[in-house]
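1. Sequence below, structure please.
(chains A and B)
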2 protein chains.
Amino acid sequence: MTITLLFKRLALLFAILQIAGNVYADDGYKLWLGYNAVADKKLAAKYKAQLAHLKFAGNTPSLNAAREELLTGLEGTLALRPQIGDKIEYPALLVGIASSLKLPGSVCSESELDKTGNEGYLIKTVIINQKKCIVITAKTDIGVLHGVFGFLKLLQTQQSIDALNILEYPRIMYRVLDHWDNLNRTVERGYAGASIWNWHKLPGYIDQRYIDYARASASVGINGSVVNNVNANALMLTPEYLEKVKALANTFRPYGIKVYLSVKFSSPIDIGGLKTADPLNAQVMQWWKDKADEIYRSIPDFGGFLVKANSEGQPGPQAYGRSHADGANMLADALLPHNGIVMWRAFVYDNNVPDDRAKQAYNEFKPLDGQFKKNVIIQVKNGPIDFQPREPFHPLFGAMPNTPLMMEFQLTQEYLGFSTNLVYEAPLFKESLESDTYAMGKGSTVSKVIQGAFNPKLITGMAGVANIGTDINWCGHPFAQANWYAFGRLAWNPDLSSGDIASDWLKMTFSNNPGFISPMKAMMLQSRETAVNYMTPLGLHHIMGVNTHYGPGPWVDNAGRADWNAVYYHKADSAGIGFNRSSTGSNAVAQYQPQVRDLFENLATCPDEYLLWFHHVGWDYKMRSGATLWDEMVHRYYLGADAVKQMELSWGKMAGYVDEERFGSVKQLLAIQYDEATTWRNSCVLYFQTFSKRPIPAQYPKPDKPLSFYRDRKFLLAPGIGGNQ
Amino acid sequence: MTITLLFKRLALLFAILQIAGNVYADDGYKLWLGYNAVADKKLAAKYKAQLAHLKFAGNTPSLNAAREELLTGLEGTLALRPQIGDKIEYPALLVGIASSLKLPGSVCSESELDKTGNEGYLIKTVIINQKKCIVITAKTDIGVLHGVFGFLKLLQTQQSIDALNILEYPRIMYRVLDHWDNLNRTVERGYAGASIWNWHKLPGYIDQRYIDYARASASVGINGSVVNNVNANALMLTPEYLEKVKALANTFRPYGIKVYLSVKFSSPIDIGGLKTADPLNAQVMQWWKDKADEIYRSIPDFGGFLVKANSEGQPGPQAYGRSHADGANMLADALLPHNGIVMWRAFVYDNNVPDDRAKQAYNEFKPLDGQFKKNVIIQVKNGPIDFQPREPFHPLFGAMPNTPLMMEFQLTQEYLGFSTNLVYEAPLFKESLESDTYAMGKGSTVSKVIQGAFNPKLITGMAGVANIGTDINWCGHPFAQANWYAFGRLAWNPDLSSGDIASDWLKMTFSNNPGFISPMKAMMLQSRETAVNYMTPLGLHHIMGVNTHYGPGPWVDNAGRADWNAVYYHKADSAGIGFNRSSTGSNAVAQYQPQVRDLFENLATCPDEYLLWFHHVGWDYKMRSGATLWDEMVHRYYLGADAVKQMELSWGKMAGYVDEERFGSVKQLLAIQYDEATTWRNSCVLYFQTFSKRPIPAQYPKPDKPLSFYRDRKFLLAPGIGGNQ
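-> Next up is the predicted model:
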């Protein structure tokens, strides 16, 4: 090698490094699909050797999307452009639906394929012509796409691909993101900018975001998107807007994602010119049938309707003396010929203040069990109040054996510190899913209920209220992306562990380095318990700021109605604190199966986590820890805030593992979170102290500001309360 | 070279190309600062040889920003990392303020430096120790930063740097972006998503966008930012928000950009607890003084206030029987000790409907000439109505010789098709700037007036109502970025040509290839005239949809007040069309100097462009073209729509020059624009035909839908009308 040559090669290398330096200033837009180069050089070389040739069968829109994703992924992770051909060359990666790949019969059996269903896939190491190959296959195009994402995940997380035998299929049928997005692009409870749906520019303008949204969602198995707010605007069903919805549906279709719409129950009046929306009125029924037919003419695979009715002022069938079943079934009839479904929300919120708001959904829906058409699914929030940092599971799960029940989780952090608080929600989701309803005896977990394990005829579903907006990083907080990711993974398979999901997400999003993964996984797994501690420990709930739900508001006692007030929920007084939902109180415990009821009813067996949810407990009550309730509560608040400080310190050591932009972003956000956590702690400890009259134990630093300071702060313009247009 | 070696080198090259392939999928975020690699390889090599060594003196925040920008720019354009040192090595690039660079006296003279002022710069090729060097220098840090941007522009536009002798300085003192951004992140007349200011996360979270906003703005010489809507919320002046404003000011400061606030005139009542906002009330005066002092304690270089008073329902001094001067001067007194200024808007819009709205600003402000304090500048829209596609220049320019007048242009396309219409606005701005007021005799252009040429004691300014939002590409349309760019360049130097600015922007943003520049520059330069033709030819104005200002609404006749109606402005009837503002009509012409007045007054000399602005003209009036007015009007409408089709065809040929993402984005937007242009054409031709009763000349295809189709369309939720919170 001459000196000149050496110089030229060095210059080349230099150029590569420089370009790389630019590329890796990461604004977070690419989510977990950044396809960062595999850092383990040996492994990367091995991968490349195993993937030198590609045979990719078929060219439908979904398969083309799969091929493009695969090539993008290989290029990013391995800088590999495999040789592509129809003839199999070895080592080969074979991708396509099984029937068109024309594999030898021994490669994958009919029964294996059948198990993958319409959306699952196989990834197998097989021997063809005495040569090792990797096959990604499925019964459908969408299955192949999911298989490609599954395969790329192996590379992204640096798994061995030497001897693969993966069979994946979704345990739940409808895996849907609910966007609470208004037509004017405000997002109810949105903390990541405006709505990503640019209705004004639709249908003519297909933003790259729509495609990347579909890619990211499909990569974790999401197969549905409700694009508008449950507090729905009837305009959405006018031809002008349906044309826009059609454009989105066309964009999502290659990714196996169906579009759904939230509908306003009074639409026949609002836009249909009718005098009533009575679900038993023939004209109303016809109007909805005609509307459904109109929709399916332009969107043949339209998913169906999501309905919030007779709740928080939304119109519904009860205005006409009809039941939720009457309302839902009428819509179901309109959709059934087209295979559409109705997702009818159980989050009902009557105009009259109930003795215990936690009981209302059960009271209204339990009697309707078995009365819904087969294409109706009742969408039930994970807990009986409203997406609190911690709630016991919703008593409807297990209480309606003859009715499909769909889980509704909230990804957007309405009650979890908005997008400035790092709260990994998978542990919250898992806690709900693993709760035992005892509906069919021990082991009848919520997870099994929503998988239809006790009634295989029922349709199944899981919804996540999206945390997505126009922020460049989609979710406002780099770590909030993990909640979108985790939702999809758990909807696909509720039995996955929070830790494994966190680990996958961290590796795909940031780095595979164990020096990063180990502390960051621990941080994520602890983060939700930390938020519970600094916000609502020991079963406290709904003590956030009124209306905005931002920050602490335990003192709120003058909201528009009783059950909007914090004092309604915590019931602190000189004797103690907590909502008595035992048999001596509201008796909400009676809504659970006897085994669960007794567990919660009995102060001695009621878990600390739910103590003040179910009981009004004296300030000096001796906790399992040995401390009094007051001291334990104070302890939890300090524990929570201190844990955020630990998160800050932990993240501070990660500078070497992540790009400067995201490092700085998370660093700033954790500093805000610490400020907010101490505000929560100080506010609640000082406020509850006005009832307990007990001192803050000496080991804790006293709040440096008086209660009045916190009470007087105003957050009139907190995000997420934009009007519903 | 062995085969292995060759293979490895090829693999390396391949890797580079692959990475490059990814990098250049461009989402538009980087604006004109993408620093694309210089495609002319010979020239790039020459540049690199000329820039091998760098001496960069100083390390203040501004100089550090300049250094980082320079290195980013050299790396992007040339993949060059110059050798950096204190000792001069040759060939050298020397950067820093003149006093710290310690250059030989001959290198740049005191007089040259003096001319650069506080913000300008010198870029010179000089001989030091008999070696050629390039020097970028200035009197101030900010000057150096501007110089670095100026130098990088040379590379981005592939200019020779062999013999440089550039002296640049701004012709206008205050070059300010006005953001009509509400605290709830809606943007009045915003068409690019939500407000980029995330008030909830401020002051703790400094979004990378804020820094990139400052970089981009500084790169074109913008030195001020009014961060909130002129329809102001008094909350902005509360300590909580001022803390957030301070964080923005700290972020912008290194880039030479000062923060300004729009203030609500009633703030002393709204947040100050006073009973009055009377500007002559001692308590009110004291309140504003105290507020100013409070602001300057945390933002020592705060720019000042922008005020919309007694206009469209905003409070103002007239409520107390005081004049605009009384109001402005009271605020000016509060700001003067801190060197702050008051930008007082002349866009007044009385509660009473005037005989001619075009006359109001002149009527109210002309009598106040000379009555304003020296740190008050009156902000006057370019035309007397409201940012129409074409207006004659505002008669106030040249009418207030003893008052500073600041130009207000609108970058956001409120009346120019929002962000789906490609309209390059520099020709509109230049048309205003080059209009001759005759105030001091022939040649007294608006440009000279706002440069203070006739009264050097006055402060000078130019404001642009920003078109920036959370869209990843900032402005909603890739080409809308050009309007932000052009505004900055013209505020710095109003004598620049639209073509040169377009050319620079195209090269910096897309490509230097003449095959791209030539047709695209032509397309940009024609685009505004095209929009005038398909929207409001021959002096028509304000015939857009009511309230939204979206699309055609020539039929609007039932808005809340007479001068919100299109019919008020076009006055079409069976005899003809147009607003008689001659001496036989509203006599608005009398607000101009006699030479201008006579030009407009006289039907024979009134330019076609302003014909229907100043005259009600018969349908059969013979135009200069020889056609009748009706035929000419129809011709213009068809010409406009057809020109958009030509833009589509022209852009369609550009695929090879630009990345796929932006190519696809513009292609989709032009298709929408064509649809909107034909809608405009058909609506207006059909509507005006109901008065003219004359046929559409046979050579034009008839509209395929009846007038009722267009009249009946509703755009209730067009963007940009979000409430002011």
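
2. what's around whatever residue of the stretch 451-600 of chain A ends up closest to chain B, how many residues?
-> Taking CB to the nearest CB, chain B has its nearest neighbour within the stretch 451-600 of chain A at residue A:470, 4.5 Å off. For the C-beta atoms, the positions are set from N, CA and C on the backbone; glycine is no exception. Neighbour count of residue A:470, defined by other CB atoms under 10 Å in any protein chain shown: 26.

3. mind listing what it touches?
-> Residue A:470 makes contacts with A:192, A:193, A:194, A:195, A:196, B:193, B:194, B:470, B:471, as judged by CB atoms under 8 Å, 6 or more residues apart in numbering or on different chains.

4. I'd guessed the fourth one sits against residue A:188; true?
-> No - here residue A:195 does not reach residue A:188: they are 9.9 Å apart, not a contact under CB atoms under 8 Å.

5. Pick out whichever of these two has more residues nearby.
-> Set residue A:195 next to residue A:188 and count neighbours by other CB under 10 Å: residue A:195 wins out with 28 against 20.

6. Wait, a helix at that one?
-> No - under DSSP: H, G, I helix; E, B strand; the rest coil, residue A:195 falls outside any helix and is assigned coil.

7. Tell me the spatial nearest neighbour of it, not counting adjacent residues.
-> residue A:181 (3.8 Å; CB to CB, 6 or more residues apart in numbering or on different chains).

8. Ramachandran angles for residue A:536?
-> phi -140, psi 70 (degrees, to the nearest 10).

9. And for it, the neighbour number?
-> As a burial measure, residue A:536 scores 29 neighbours (other CB under 10 Å).

10. That one touches residue A:387, doesn't it?
-> No - judged on CB under 8 Å, residue A:536 makes no contact with residue A:387 at a distance of 11.9 Å.

11. any shared contact partners between the two?
-> Contacts common to residue A:536 and residue A:387, judged by CB under 8 Å, 6+ apart, are absent.

12. Walk me through the domains of chain A.
-> As given by automatic domain parsing, the domain ranges for chain A are A:41-168, A:174-509, A:533-579+A:616-711.

13. returning to what we had before: intersection of neighbour lists for residue A:195 and residue A:188?
-> Common neighbours of residue A:195 and residue A:188 (CB under 8 Å, 6+ apart) are A:181, A:182.

14. Assign a three-state SS to residue A:126, would you?
-> strand.

15. ok, now the one 10 residues further on?
-> Recorded secondary structure, residue A:136: strand (three-state DSSP).

16. That one and residue B:561, how far apart?
-> Relative to residue B:561, residue A:136 is positioned 66 Å away (CB to CB, to the nearest Å).

17. okay, the two: which has more neighbours?
-> residue A:136 (28 against 11).

18. can you tell me how far the more buried one sits from chain B?
-> Distance, residue A:136 to chain B, by CB to the nearest CB, to the nearest Å: 22 Å.

19. before we move on, the earlier item: rebuild the domains of chain A as TSV, extending it with mean pLDDT.
-> Shown next, in TSV, are the domains of chain A (pLDDT from 0 to 100):
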stretch	mean pLDDT
domain A:41-168	95
domain A:174-509	97
domain A:533-579+A:616-711	97
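
20. now the closest residue to chain B within the stretch 301-450 of chain A, nearest residue through space, not along the chain?
-> Going by CB to the nearest CB, chain B is nearest to residue A:420 of the stretch 301-450 of chain A, at 6.2 Å. Nearest non-adjacent residue to residue A:420, counting by CB to CB, 6+ apart: residue A:672, 4.5 Å away.

21. ok, the one you found - how many residues close by?
-> Residues lying near residue A:672 (other CB under 10 Å) number 22.

22. What helix or strand is it located in?
-> helix A:660-692 (DSSP states H and E).

23. Against which helices or strands is the helix or strand following that helix packed?
-> Downstream of helix A:660-692, the first helix or strand assigned by DSSP H and E is helix A:707-712. For helix A:707-712, the packing partners by 3 or more CB pairs under 8 Å, 6 or more residues apart in numbering or on different chains; DSSP states H and E come out as helix A:660-692.

24. Please name every helix or strand in contact with the helix it packs on.
-> Helix A:660-692 packs on helix A:514-535, strand A:576-577, helix A:629-652, helix A:707-712, going by 3+ CB pairs under 8 Å, 6+ apart.
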